[in-house]
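Participant: Everything below, folded, please.
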Amino acid sequence: MKWFLMLLIFLAGVFYLVNQNKAEVKKKEMIKLAKKDEITSLPDPVLPVKPEKTYLIKFSMETLKTLRGLTQDSNEKVRFAAAELLWQLQDESAPGVLKGMLETETESFVKKSIITMLAKDKSKLSLALLTEALKDYDKETRLNAVIAIGTFSNKEAIPALSRALQDYDEEVRLKALEAVNRIRLDIEAHKEQQLRELDSKPLFRIE
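Facilitator: Predicted structure coming up:
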């Protein structure tokens with residue numbers, strides 16, 4: 001009887017251990033499945049709107065030489081696109097290239113596009129290049145250059161129009177006079193604005 005009880009106790013212990021082991025295994029599997037579900041339910045990472053670092057693109061000397069060569073291309077649109085890119089890149093050859101194109105270019109579209117591009121810059125260099133366009137044999141090119149210089153609104157632009165004021169074509173001379181007057185009015189308006197700003201500021205400030 002004693003041995004029988006001991007056997008029952010032993011068997012019960014084995015049964016308990018086996019069931020406990022099964023419960024542990026089941027519990028681990030449940031945890032693993034829960035983690036898997038959690039991972040799959042995570043949202044996709046949001047990509048940044050802007051890169052963390054911005055990189056300045058630098059053109060090689062070979063690429064710049066190619067661009068300079070394209071300003072002599074047979075297609076007028078290619079010629080202007082190459083010249084525009086050189087100007088935007090501030091390539092050292094750009095002023096000379098543009099001056100040469102204004103002197104030798106036969107397509108009015110290219111010359112007009114170059115003048116429009118230079119007029120947007122409003123720098124001393126662009127003003128000097130526009131002055132070169134006043135020497136052009138084509139009347140429309142000279143007129144476009146006069147109109148472009150008239151948008152500069154600074155005192156350097158007035159003497160730049162001296163050639164146009166002496167042009168043999170009366171329409172060019174008239175447009176040059178109108179441009180000089182426009183520049184004068186713009187300069188005076190700018191001075192008046194500055195004076196108004198000075199008047200609106202108190203001479204002494206007590207804090």
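Participant: check contacts around Arg79.
Facilitator: By C-beta atoms under 8 Å, 6 or more residues apart in numbering, the contact set of Arg79 is 70-73, 101, 105, 107, 110. Heads up, the C-betas are built off the backbone N, CA and C, glycines and all.
Participant: could you dump those residues to a markdown table with pLDDT?
Facilitator: Shown next, in a markdown table, are the contacts of Arg79 (pLDDT from 0 to 100):
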| residue | pLDDT |
| --- | --- |
| Leu70 | 96 |
| Thr71 | 95 |
| Gln72 | 94 |
| Asp73 | 96 |
| Met101 | 95 |
| Glu105 | 94 |
| Glu107 | 94 |
| Val110 | 96 |
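Participant: which element is Tyr168 on?
Facilitator: Using DSSP states H and E, Tyr168 is not contained in any helix or strand.
Participant: what's the neighbour count on it?
Facilitator: 7 (other C-beta atoms under 10 Å).
Participant: What's the separation between Leu98 and Arg142?
Facilitator: Per C-beta to C-beta, to the nearest Å, Leu98 is found 16 Å from Arg142.
Participant: what's the answer for Lys77, then?
Facilitator: Lys77 sits 23 Å away from Arg142, going by C-beta to C-beta.
Participant: Look at these two and report which has more neighbours.
Facilitator: Neighbour count, other C-beta under 10 Å: between Lys77 and Arg142, Arg142 has more, with 24 against 12.
Participant: Now name the helix or strand holding the more buried one.
Facilitator: For Arg142, the element it lies in under DSSP H and E is helix 139-149.
Participant: Please, where are all the helices along this protein?
Facilitator: Secondary structure of the chain (DSSP state H): helices located at 2-40, 61-70, 76-88, 94-104, 108-121, 124-133, 139-149, 157-160, 162-165, 170-200.
Participant: Of these, which stretch is the most buried?
Facilitator: Here the criterion is mean neighbour count by mean count of other C-beta atoms under 10 Å, and of the helices of the chain the winner is helix 139-149, at a mean of 22.
Participant: Now do that one against helix 170-200, angle only.
Facilitator: Note on geometry: by axes from the mean of the first three to the mean of the last three C-alpha atoms, to 10 degrees, helix 139-149 and helix 170-200 are set 10 degrees apart in direction.
Participant: hey, which helix or strand in this protein has the poorest pLDDT?
Facilitator: Counting by mean pLDDT, DSSP states H and E, the chain has its least confident helix or strand at helix 2-40, which shows a mean of 53.
Participant: Residues contacting stretch 154-161, please?
Facilitator: For stretch 154-161, contacts defined as C-beta under 8 Å, 6+ apart pick out 124, 127-128, 130-131, 134, 146, 149-150, 152, 176, 179-180, 183-184, 187.
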